[in-house]
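**Student:** Below are the sequence and a predicted model for it; my questions follow.
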Amino acid sequence: MKRTILAVALAATPFLSQAAQFDVEITNPTRGIYFTPLLVTAHPDGISLFETGTPASSQLQAMAEGGDLSGIVGLLNAAGATTIQNPANGLLTPGASTTATLNTDNAAANTRLSIVAMLLPTNDGFLALNNVEIPTEPGTYTYDLNAYDAGTEANDEVRGSGTPGQPGLPVPPPLDPVLGNNGTGVASSAEGYVHIHRGNLGDTDLNRGSSDIVSTLHRWLNPVARVTLTVK
Amino acid sequence: MIFSRHTLLVLPLAALVSGCGSSNDNPLISGSEYQYRVTITNLTTGQPFSPAAVVIHHSGWQALELEQPATVGLEKLAEGGDNSDFISAADADSDVLSTATGQGMIAPGATEELTVSVGLVDDHDLSLSWVSMPVNTNDGLAGVIDARLSGWDVGQSETFLAISYDAGTEANTESADTVPGPAASGLAEGFNPVRDDVRNAVYLHAGVVTGDDGLTTSTLGEMQRWDNPIASVRVERLQ
């Protein structure tokens, strides 16, 4: 008869102190969606970049419509957050990864992790990890991130502007050759509240059709990003 | 014969060493049998799953790695639904403890139950992975990757929600001559070694566009669309 007698408890003693330094690796595993410069922040409990079901702030709107992080960063700095901007030095292309290292040694109150970036091509779509408690025990933790719609702009899916309040898709150089042209615009209107993105519609006509988004390249099913958090 | 307290305490170790079968050269790593029931439910409406491949493994083995090229075994599973090379490659890996294959296709809405056993000294660093092909795709995969089983009591269970992956090995034409499932012609070739997707790496599946949604080359209809989670997998430790 075989008996298990070597099942030695190997569990490490948990560290009781707050995590001080950690790496946040963000991977873009989508078929063809680009991420604008990422915001990775450790911040105090009790603040959030957005709340689903409620209207977006103007700062979130600027990020979701054009990738502009300055408004959100201003709010986070005022709250004493530990923030890394743009770890990938530009767009995070499909298939690519980037890592941000955060150190909260002198900011013990920054116990929550949030990550946002705009999704391209979308009108006001963004990825988010919203207000997650940072584990204190050293180890590796994985999170899958969903795509949200800021609800501030109609999803007309045609080339246009990244300026808040202006219609259309911002088209930075890497997107230009892969999008269609002369789309007549998908009938839609701003939804008014932050919610899970319904995805791109797109079409297969590069020269006209209703959408400049390409249905065979620019759709997704949630999740849209994977985050690996390593607590040291 | 009178045993001292010390002798009584060490007796189980002696019993283990002497009692282990002669067929095993190293009785100390045969341990005891752990058994898991794996219940896979297909949550789609129009994507039958190819026979399940279930693997119990250490963290040194991965069924797939996001943004890394698929192994040929995984490519064959994802393009044609044949898991035999995938299973035999897993069996040859020192970080794989046990493998099992399903009895057949898992129809939309249907459930399959498999029992997987593994001899273990302890369950430190123990994971389960499952992959099948949603067969009305070019090179899609449904999977639960690296579900952690360590520290479970007998009778403990957990349900894991599976998402869909694209093996990144075949262009998603959705055409009748490349999709092997019943929604297509039935004449598709399934596996071929050419890698012609948007990139040669496993990524998250974007779903199928279908002919109903304007992709004129597609043999698929709107019933073949799905969302995540694509499947649920309940794992229960039986012993």
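**Tutor:** Perfect, I can see it now.
**Student:** for chain B, what spans make up the strands?
**Tutor:** With DSSP state E, the ranges of strands along chain B come out as B:32-42, B:53-57, B:96-101, B:111-120, B:127-132, B:140-148, B:157-166, B:203-204, B:231-237.
**Student:** how about a markdown table for these, with mean neighbour count, mean pLDDT and distance to chain A added?
**Tutor:** Where C-beta positions appear, they are placed from N, C-alpha and C, glycine not excepted. Converted to a markdown table, the strands of chain B look like this (neighbours: other Cβ atoms under 10 Å in any protein chain shown; pLDDT from 0 to 100; distance: least, Cβ to the nearest Cβ, whole Å):
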| stretch | mean neighbour count | mean pLDDT | distance to chain A |
| --- | --- | --- | --- |
| strand B:32-42 | 19 | 96 | 5 |
| strand B:53-57 | 25 | 98 | 17 |
| strand B:96-101 | 19 | 97 | 15 |
| strand B:111-120 | 16 | 96 | 8 |
| strand B:127-132 | 25 | 98 | 13 |
| strand B:140-148 | 23 | 97 | 9 |
| strand B:157-166 | 19 | 98 | 7 |
| strand B:203-204 | 24 | 98 | 5 |
| strand B:231-237 | 20 | 98 | 13 |
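**Student:** Specify the stretch among those that is closest to A:A88.
**Tutor:** Proximity to A:A88, assessed across the strands of chain B by Cβ to Cβ, is greatest for strand B:203-204 (17.3 Å).
**Student:** Can you name every helix or strand that that closest one contacts?
**Tutor:** Under the contact criterion of 3 or more Cβ pairs under 8 Å, 6 or more residues apart in numbering or on different chains; DSSP states H and E, strand B:203-204 touches strand B:157-166.
**Student:** Just checking the distance from the strand it packs on to the centre of its chain.
**Tutor:** 10 Å (Cα atoms, centre = their mean, to the nearest Å).
**Student:** got it, and stretch A:195-209?
**Tutor:** Computed by Cα atoms, centre = their mean, the chain-centroid distance of stretch A:195-209 equals 20 Å.
**Student:** Tell me the buried residues in it?
**Tutor:** By neighbour count on 16 or more other Cβ atoms under 10 Å in any protein chain shown, the buried set for stretch A:195-209 is A:197, A:199-205, A:209.
**Student:** Other residues contacting it?
**Tutor:** Stretch A:195-209 is contacted by residues A:52-53, A:119, A:121-122, A:125, A:146-149, A:151, A:155, A:157, A:180-184, A:186, A:210-211, A:213-222, B:209, B:214-216 when judged by Cβ atoms under 8 Å, 6 or more residues apart in numbering or on different chains.
**Student:** Please save the CA atoms from the longest strand along chain A in PDB.
**Tutor:** The single longest strand within chain A, with elements called by DSSP E, is strand A:139-149. What follows is strand A:139-149, C-alpha atoms only, in PDB (Å, rounded to 0.1, in the frame of the first residue of the first chain):
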ATOM      1  CA  GLY A 139       4.700  35.900  -6.800                       C
ATOM      2  CA  THR A 140       3.300  36.100 -10.300                       C
ATOM      3  CA  TYR A 141      -0.300  37.100 -11.000                       C
ATOM      4  CA  THR A 142      -2.100  37.100 -14.300                       C
ATOM      5  CA  TYR A 143      -5.100  39.400 -15.300                       C
ATOM      6  CA  ASP A 144      -7.100  39.400 -18.500                       C
ATOM      7  CA  LEU A 145      -8.400  42.900 -19.400                       C
ATOM      8  CA  ASN A 146     -11.600  43.700 -21.200                       C
ATOM      9  CA  ALA A 147     -12.400  46.400 -23.700                       C
ATOM     10  CA  TYR A 148     -14.700  49.200 -22.700                       C
ATOM     11  CA  ASP A 149     -16.500  52.000 -24.500                       C
END
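**Student:** Identify each buried residue in that strand, please.
**Tutor:** Buried residues in strand A:139-149 (16+ other Cβ under 10 Å): A:143, A:145-149.
**Student:** pLDDT averaged over the helix or strand following it, what's the number?
**Tutor:** Sequence order places strand A:195-196 as the next helix or strand after strand A:139-149, per DSSP states H and E. Across strand A:195-196, pLDDT averages out at 98.
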